[in-house]
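A.B. asks: Below: sequence and its predicted model.
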Amino acid sequence: MATALAVEPLLSLAVAVTSEQRIESVLRKIVEGLASQPGVALSRIWLLSSIHVPDSRQQPADSQKDAGCLRLVASAGTPMNSPGEDWSFLHGHFAQFRLNIGKVGQVAADRRPILIKDFGPQVNWIVRPEWVQREGIRSFAGYPLIFLDNLLGVISVFSRRPLEEHEFTWLGLFANHAACAVANARAFEEVERLQRQLKCENEYLLERVEQGFEFGEILGKSRALAEVLRQVRIVAPTNSSVLIGGESGTGKELVARAIHALSPRHERALITVNCASIPRELFESEFFGHIRGAFTGALRDRAGRFQLADKGTLFLDEVGEIPLELQGKLLRVLQEGIFERVGEDRARRVDVRVIAATNRNLEDEVEAGRFRRDLYFRLCVFPIDTPPLRDRLEDMSVLAEHFAQVASIRLNTRHTQVSDADIELLCSYAWPGNIRELQNVIERAVIISQGGPLRVDWALGRRRMKSRHAGGSSVLSKEELKRRERENLIKAIEQCKGKIYGPDGAAEMLGMKPTTLTSRIKKMNLRISHGAQLL
C-alpha cells in the first residue's frame, strides 16, 4: 500500500518549487503537490501577517494582541463526500489564526511541529468533527516555515491514512525547503517591486525636471524673467543668430544654454568662447584652428571652436571684445559657413549656429567705429536683453534660497533657511554685480554663519553702507519698498480683473502662492470691489 508521503514525489516537488520566482506560484505548487500525494485529503499554508481582522470566534490573549496572525494563503485538496465544496477557498472560519489558537496557531507560537497520527483518541483537536468523519480524515501534520530564524508561516497536511514518523520527518525536510522557496520568491518580488517603483520615480523626476527646469539653471518667476523665457521659446527652434545683451552677471550664458537645449541642435555640443580672455594674437587660431608649424609654438594641428561646434551651437561671450581686424573673418564664416585654419590654404565648411552675448552697447560701439556694422546686424537677428537683478526683486527669495542650499552642500555645513528679514535686506541693495554678486554674498553669509542663523547683514558689509549713502533712486527705504510692493500688487490684481487663483491669476503673475497673496491683501487692508478695483 502506498504511503501518504513518499520520498521521491517530495523530492520532485521540491525541485519544481525551486524554479518558481513568484510567491503565488510557489504557494500553489506546494499545496497542489502535497494534495496530489496518495492518501492526502487537504494541504494548506498560512503565512504570518501583521494585519489582523478581528474575529469574534477567536479571542486571543492580551499578550498576543500585537504578535500578528496567520492568514490562509494557499489551499488544495480533493473532497470525497462533500460534493460542491471548493477546498481552494481561502476565506471562512479558518482564513486566519492568532498565535496559540488551534493546532495551526500553536505550531506557529511554539515553532515546533505537531503530528496527530489518529484523530480518534484526540477529539479535543477537532474543530469540525462532522467534516473529519465525512471525509475520513485520520491524521494531521503541521510544520512551521522558518527561514534564517524568521517565522514565515505554517504548512499543514490532512491525511486519510495514518501518518508514520518517517513520513512526518520527510515532511519536515520538505517544509524547510518550502520555507526557503517562499523567502526567495518574496525577495524576487520585492526586487521587482523596487524596480517598478524606481522606474516610476525616474519617470516622475524626469517629468518634473522637464517641467521645472525647462530652462536649465534659470530660476525665478518675475515678469521680467518671464518675458526673457518667452523670447527663448520663440527663437530656440530656429537657426537664427541671437544677441544677448545685459549687464555683467545677469545670466547671459544661462540664456544661451537654454536656447541651445530647446533647439534642434541640442544633441550636439554647445561650444563656449570667452572673447575677453583670448589674447589678440590668438583670436584667429582660437576661432578657426591652425596647422602644425603655422606659427611659433604650433607643434601640432589644432581644431578651432567653429569646427568643434559644427552641427551645434557656438556661444561667443563678450563678443564686443573681438578685435576689429578679425571681425571681417568672423563675418565671412557667419555669412558663408566657410573658414581656413591658420597656415592652411584649404577652405572648410561648417554648419554652426551663433549665439553672442555682450555687456556693451554694440550700437554705440558701431557709431564709435569699434565694431563693424554688418557684423552687428548679422549677430543681432534676434536680440534678447537680460534684466538686472534690481528689476527682478520678486525672484530674490528663490535665488537666495537656491544659492544658500548650493553653498551649504559645497561647504558641507547645515543648510539654513533665508529669512524674510534677509530677503528685505537683500532687496534694499542695488546689486551692480547682479546675480553673480548675489551668489557670492550668499556663499559668504553661509561661511560666516557656520551652520547657525544666516548673517546676510555681515555678508553685505560695506556693500550695504555704500548702498545707503550712494543716493539716487537705486537705493530704496523700507517704506518705499512697502509702497512699491503695494502698488505692484494692486496693478497685478487689476490687470487680472480680480482673479487670484489659477492660470492667468494675479498669484501666478506675481510668482507667489495664492494663499500668500491672499494673506498680503488682508495684511494691507485691501478689498476688491465689483469692478476688480482695489480699495
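C.D. replies: Now that the structure is in, tell me what you want to look at.

A.B. asks: okay, now Leu308: neighbour count?
C.D. replies: Residues near Leu308, counting by other Cβ atoms under 10 Å, number 16. Glycine gets a C-beta too; all of them are placed from N, C-alpha and C.

A.B. asks: Excluding sequence neighbours, find me the nearest residue to it.
C.D. replies: The shortest distance from Leu308 to any non-neighbouring residue, by Cβ to Cβ, 6 or more residues apart in numbering, is to Ile271 (5.0 Å).

A.B. asks: wait, is that neighbour part of a strand?
C.D. replies: Yes: the assignment for Ile271 by DSSP: H, G, I helix; E, B strand; the rest coil puts it in a strand.

A.B. asks: buried set for stretch 373-380?
C.D. replies: Across stretch 373-380, burial judged by 16 or more other Cβ atoms under 10 Å covers 375-376, 378-380.

A.B. asks: per the record, what domains does this protein have?
C.D. replies: Under the assignment automatic domain parsing, the domains of the chain span 7-191, 223-387, 390-416+429-469, 478-523.

A.B. asks: which stretch in these is the model least sure about?
C.D. replies: For the domains of the chain, mean pLDDT drops lowest on domain 478-523, to a mean of 77.

A.B. asks: so how far is that domain from its chain's centroid?
C.D. replies: For domain 478-523, the separation from the chain centroid amounts to 31 Å (computed by Cα atoms, centre = their mean, to the nearest Å).

A.B. asks: follow-up on the earlier one: rebuild the domains of the chain as CSV, extending it with distance to Leu198.
C.D. replies: As requested, these are exported to CSV (distance: least, Cβ to Cβ, whole Å):
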stretch, distance to Leu198
domain 7-191, 10
domain 223-387, 26
domain 390-416+429-469, 23
domain 478-523, 31
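
A.B. asks: Tell me which of those domains lies nearest to Asp422.
C.D. replies: Each of the domains of the chain was scored for nearness to Asp422 using Cβ to Cβ, and the closest is domain 390-416+429-469 (4.2 Å).

A.B. asks: chain center to that closest one: distance?
C.D. replies: Distance, centroid of domain 390-416+429-469 to centroid of chain: 27 Å (Cα atoms, centre = their mean).

A.B. asks: Same question for stretch 319-337.
C.D. replies: From the chain centre to the centre of stretch 319-337 is a distance of 44 Å (Cα atoms, centre = their mean).

A.B. asks: from what I can see Tyr376 touches Asp364, true?
C.D. replies: No: using Cβ atoms under 8 Å, Tyr376 makes no contact with Asp364, being 10.8 Å away.

A.B. asks: follow-up on the earlier one: now tabulate the buried residues of stretch 373-380 in a markdown table and tack on secondary structure and distance to Gly505.
C.D. replies: Below are these laid out as a markdown table (DSSP: H, G, I helix; E, B strand; the rest coil; distance: Cβ to Cβ, whole Å):
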| residue | secondary structure | distance to Gly505 |
| --- | --- | --- |
| Leu375 | helix | 45 |
| Tyr376 | helix | 41 |
| Arg378 | helix | 42 |
| Leu379 | helix | 39 |
| Cys380 | coil | 36 |
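
A.B. asks: how about JSON lines for those residues, with distance to Pro83 added?
C.D. replies: What follows is those, written out as JSON lines (distance: Cβ to Cβ, whole Å):
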{"residue": "Leu375", "distance to Pro83": "97"}
{"residue": "Tyr376", "distance to Pro83": "97"}
{"residue": "Arg378", "distance to Pro83": "93"}
{"residue": "Leu379", "distance to Pro83": "91"}
{"residue": "Cys380", "distance to Pro83": "92"}
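
A.B. asks: between the residues you listed, which is nearest Phe147?
C.D. replies: Nearest member of the buried residues of stretch 373-380 to Phe147, counting by Cβ to Cβ, is Leu379, at 71.4 Å.

A.B. asks: For the closest one, which residues are in contact?
C.D. replies: Shown in contact with Leu379 (Cβ atoms under 8 Å, 6 or more residues apart in numbering): 241, 243, 319, 334, 354, 356, 362.

A.B. asks: Out of these, the closest to Phe147 would be?
C.D. replies: Once Cβ to Cβ is applied, the member of these that ends up nearest Phe147 is Val354, at 66.3 Å.
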